[in-house]
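Novice: Got a predicted model here, sequence first, then my questions.
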Amino acid sequence: MASLRARTLRWITSRYIKKVDTETADPKDLRQKLISVSRLLRRLRGVTVEATEVNGLYAEWLRPKNAREGRVLLYLHGGAYVMGSCQTHRNLASNIARAAQMNALVPEYRLAPENRFPAAIDDVVAVYRHLLTEGFEPENICIAGDSAGGGLTVAMLLSLRHAGDPMPARAVLLSPFLDVTASGESMQSRADKDPWFQPHDIAVVARQYCNDESEHRNPLVSPVFANVAGLPPTYIQVGDDEILLSDSTRFADLLEAAGGDVEIEVCPDMWHVFQLFVGKMPEARAAVNRIGAYLGGNRAEPEVPEEPEAPEAPEATEASEASEA
């Protein structure tokens, strides 16, 4: 059974997210809502945040005190291709960086619908190539991404392979969004379990990211339809209670069939990118520790207690901030 903290966070976030009408919501409003949720997460100690610019994109270097020399993690944030930023994913990326003992670079790639496919892919490919020009060896670079950032991670790898660029050492995918056609069986089998999303949400995201339906099965848009030969070793974490579960299981099957090195972990009772709540629930801490170990880190952070004071709801946080203004 999931911890009390996990059950509490699942209930609170489900109530918050399910108030959003994805059909009518303005992406700009969604971006602000995600920022509000991210304010629940305290800034991680022991990691320095350094603002920078890469190829015209705002980005942040997250530098743990224990980082290994010359190693870098390129982290691609999620957010359904329409939201997300360094701010919303700073806590998660910092925790992974510290667990992996690697400096992490988090770029703010262009978002849809203002910048549709393939703008985000072009951006992250350029950031990876920037790291190479800065002198980082490909065997010392790892890539990670959650949700849409996981889809971008795979699309970037496919683009690099096609162009003949050297591959990074490893990839990590957290609840990756790999099929905008929503053809996986978990769209039905997990629809009643997923606390955040329903299958009709995927169609909305697909239109915003790539409004040309004939491109939805393009492997760069939906990597479950890709030839995955030659991709680097990959570690996947996915919740057992999310409608995107079969995106991960099918992609793992593809990698295995192509002779690739793949590990997949289906986390019981967990939902989409539950790792975002590292520092708030023990399941997220344990998952991040396993990611760190996969990326070569040898420091496991302690888990948080399971029975502390319940986290404050996003609505309460916003009301508190308004009263203080």
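Specialist: That came through, no problem. Numbering: from 1, shown residues only.
Novice: only C-alpha atoms for contact and neighbour calcs from this point on.
Specialist: Noted.
Novice: check contacts around residue 72.
Specialist: With contacts defined as CA atoms under 8 Å, 6 or more residues apart in numbering, residue 72 is in contact with 102-105, 136, 140-142.
Novice: Dump those residues to TSV, plus secondary structure.
Specialist: Shown next, in TSV, are the contacts of residue 72 (DSSP: H, G, I helix; E, B strand; the rest coil):
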residue	secondary structure
102	coil
103	strand
104	strand
105	strand
136	coil
140	helix
141	strand
142	strand
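Novice: nearest to residue 211, of those?
Specialist: residue 105 (29.6 Å; CA to CA).
Novice: On the pLDDT front, check that closest one for me.
Specialist: Looking at residue 105, its pLDDT reads 98.
Novice: Next: residue 310.
Specialist: What the model reports as pLDDT for residue 310 is 41.
Novice: Quick one: residues contacting the residue lying closest to residue 113 once chain neighbours are set aside.
Specialist: Distances taken as CA to CA, 6 or more residues apart in numbering place residue 208 nearest to residue 113, at 5.0 Å, with adjacent residues excluded. With contact set as CA under 8 Å, 6+ apart, residue 208 has these partners: 82, 112-113, 116.
Novice: what's the answer for residue 43, then?
Specialist: Counting by CA under 8 Å, 6+ apart, residue 43 has contacts 90-91.
Novice: and it, backbone torsions?
Specialist: Main-chain dihedrals, residue 43, degrees, to the nearest 10: phi -70, psi 140.
Novice: Please apply the same query to the one 4 residues further on.
Specialist: Geometry field for residue 47 lists phi and psi as phi -130, psi 120, criterion degrees, to the nearest 10.
Novice: cool, the one 5 residues further on as well?
Specialist: Backbone torsions for residue 52, taken as degrees, to the nearest 10, come to phi -150, psi -180.
Novice: what does the one 10 residues further on give?
Specialist: Here the main-chain torsion angles of residue 62 (degrees, to the nearest 10) amount to phi -110, psi 120.
Novice: Tell me the bridge partners for it.
Specialist: residue 49, residue 104 (DSSP bridges).
Novice: Give me the number of neighbouring residues for it.
Specialist: Close neighbours of residue 62, defined as other CA atoms under 10 Å, add up to 27.
Novice: Make sure it is actually in contact with residue 105.
Specialist: Yes: shown here, residue 62 and residue 105 form a contact pair, counting by CA atoms under 8 Å, at 6.4 Å.
Novice: Buried only: go through the contacts of residue 72 for me.
Specialist: Using 16 or more other CA atoms under 10 Å as the burial test, the contacts of residue 72 include 102-105, 136, 141-142 as buried.
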